[in-house]
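A.B. asks: Provide a 3D model corresponding to the input given below.
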Amino acid sequence: MTYTVNDMKIIQLLPTVSHGDAVSNDALAIDKVIRKMGLDTDIYAEISGKNLPVKNISELNNISKNDIILYHMSTGTELNFRINKFPCRKIMIYHNITPPEFFRPYSRELFALTSYGYKGLEYLNKTFNLCIADSEYNKSQLIEYGYKCSVKVCPVLIPFQDYKKTPDISIMKKYSDGWTNIIFVGRIAPNKKHEDIIKTFYCYKKINPKSRLILVGSWAGMETYYERLKKYVEILNLKDVIFTGHVNFSEIISYYRVANIFLCMSQHEGFCVPLVETMFFNVPVVALNAGAVPETIGKSGIIIPKNDPVHTAGIIHEIINNENLRKNIINLQKKRLCDFSYKKTSGLLKKILTDFINGENI
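C.D. replies: Predicted structure coming up:
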């Protein structure tokens, strides 16, 4: 690949970079791709976790007109209203923003933050030279909010080699006991509809008492919702529901490895990385038809049309007990996984960036 601009730096910019966060992981993966392209690049954020290759935004000086900002848009922040002040070309990477109404009953802070995010999304609709959405679903929202620039679709970059690392042996031993393990991976948040997962598990538990539900993810900032979920489990007198809280990467790998079914009842996803991770671990996906979920799954997994816990429990039972069905689902998921291969997605990103640098997207 050739570039017509020499004196240039690509600057990734986002409010927060933290360990385990999907947007942060995407920024870190993109950083590696840009460096392999032989280009000068850095990540800047207002807040970052320890031991991450990220600079504080206060150090962001001397931006030239030849530079390019890659701005990760996913939440409400004052940065949304400052980004147009930078005197350079700009690309938005849009990860979607959770609709505020999901948070209204549980967190005034998150309701306000996401509302502010949508105000920023509208404010920025004439700011960028190019937008990259990680799904067609996200692209359609940008168009809805008045974005007239070119919008390219490039899935989230997932370095699958990392998932071959050693799992947490204690978790493997604890849950490899012949019971059916139904899992969901994702932060405890109201748009994820954990209560609907629990309701479906309640129905399935009637069919298969030797089953457990493992809900993998942190509830930080969503304590009220988490407490309501625990109370709901108690009211149902439901046993074998595990809330893991925040887990490290080796633990996440272990939960995928012991899983028999991945159940997603989320009502809003802009992409949903755990669906793709599940495909990598050859675990059948059962998911609600909502947001970008059907787009991410493609012609694999099982998409359920509506929240019907009895019907969904029956589907899970059939997958667990019908070996041919299970194998067919896994084979289709393997085929779909090829569309998200690191080679393919990184190659697409390189092409988008190269075309932009050479003026072919403006």
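
A.B. asks: can we go C-alpha only for contacts and neighbour counts from here?
C.D. replies: Will do.

A.B. asks: Just confirm L263 is within a strand.
C.D. replies: Yes: if the criterion is DSSP: H, G, I helix; E, B strand; the rest coil, then L263 is within a strand.

A.B. asks: Against A22, how distant is it?
C.D. replies: Per C-alpha to C-alpha, to the nearest Å, L263 is found 19 Å from A22.

A.B. asks: who's more crowded, those two?
C.D. replies: L263 (26 against 19; other C-alpha atoms under 10 Å).

A.B. asks: In the beta-sheet assignment, what are the partners of the more buried one?
C.D. replies: V286 (DSSP bridges).

A.B. asks: That one contacts G186, doesn't it?
C.D. replies: No: counting by C-alpha atoms under 8 Å, G186 is not a contact partner of L263; they are 11.1 Å apart.

A.B. asks: and the closest residue in space to M8 that isn't next to it in sequence, how many residues sit next to it?
C.D. replies: With C-alpha to C-alpha, 6 or more residues apart in numbering as the criterion, M8 has its nearest non-adjacent residue at 4.8 Å, and that residue is D67. Residues lying near D67 (other C-alpha under 10 Å) number 23.

A.B. asks: can you check I198 too?
C.D. replies: 23.

A.B. asks: what about the strands in the stretch 251-362 of the chain?
C.D. replies: 261-264, 285-288, 302-304 (DSSP state E, counting those that start in this stretch).

A.B. asks: Give me the contacts around the shortest one.
C.D. replies: Think strand 302-304. P284, V285, V286, A287, L288, N289, P294, T312, I329 (C-alpha atoms under 8 Å, 6 or more residues apart in numbering).

A.B. asks: was I right about the first one contacting R326?
C.D. replies: Looking back up the chat, that one is P284. Yes: contact criterion C-alpha under 8 Å: P284 and R326 qualify, at 6.9 Å.

A.B. asks: Show me which of the two is the more surrounded one.
C.D. replies: P284 (29 against 19).

A.B. asks: Skipping adjacent residues, who's closest to that one in space?
C.D. replies: I261 (5.4 Å).

A.B. asks: could you redo the strands of the stretch 251-362 of the chain as TSV and give each row distance to L275 and mean pLDDT?
C.D. replies: Shown next, in TSV, are the strands of the stretch 251-362 of the chain (distance: least, C-alpha to C-alpha, whole Å; pLDDT from 0 to 100):
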stretch	distance to L275	mean pLDDT
strand 261-264	8	98
strand 285-288	7	98
strand 302-304	11	97
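
A.B. asks: Could you say which of those is packed most deeply?
C.D. replies: strand 261-264 (a mean of 25; mean count of other C-alpha atoms under 10 Å).

A.B. asks: one step back: which residues lie in contact with the residue nearest to M8 in this structure?
C.D. replies: Counting by C-alpha under 8 Å, 6+ apart, D67 has contacts D7, M8, K9, I10, I11, C88, R89.

A.B. asks: I'd say the fourth one and M37 touch.
C.D. replies: No: taking contacts as C-alpha under 8 Å, I10 lies outside contact range of M37: 11.2 Å.

A.B. asks: Who has more neighbours out of these two?
C.D. replies: Per other C-alpha under 10 Å, whichever of I10 and M37 has more neighbours is I10, with 21 against 14.

A.B. asks: Within the sheet, what are the partner strands of the helix or strand encompassing that one, with directions?
C.D. replies: Using DSSP states H and E, I10 maps to strand 9-17. Strand 9-17 has its sheet partners listed here by DSSP bridges as strand 40-48 (parallel), strand 68-73 (parallel).

A.B. asks: Check which helices and strands the helix or strand that comes right after the longest one is in contact with.
C.D. replies: It stands for strand 40-48. The element immediately downstream of strand 40-48 (helix or strand, assigned by DSSP H and E) is strand 55-56. For strand 55-56, the packing partners by 3 or more C-alpha pairs under 8 Å, 6 or more residues apart in numbering; DSSP states H and E come out as strand 40-48.

A.B. asks: which parts of the strand it packs on are buried?
C.D. replies: D40, T41, D42, I43, Y44, A45, S48 (16 or more other C-alpha atoms under 10 Å).

A.B. asks: Over to stretch 347-357?
C.D. replies: Within stretch 347-357, the residues that count as buried by 16+ other C-alpha under 10 Å are L348, L349, K350, I352, L353, T354, D355, F356, I357.

A.B. asks: nearest spatial neighbour of the first one, skipping sequence neighbours?
C.D. replies: Leaving aside its chain neighbours, L348 sits nearest to C154 (6.7 Å; criterion: C-alpha to C-alpha, 6+ apart).

A.B. asks: what's the neighbour count on that neighbour?
C.D. replies: 20.

A.B. asks: Please name the residues that touch it.
C.D. replies: I132, A133, D134, S135, T345, L348, L349.

A.B. asks: any chance you could read off phi and psi for V241?
C.D. replies: phi -110, psi 120 (degrees, to the nearest 10).
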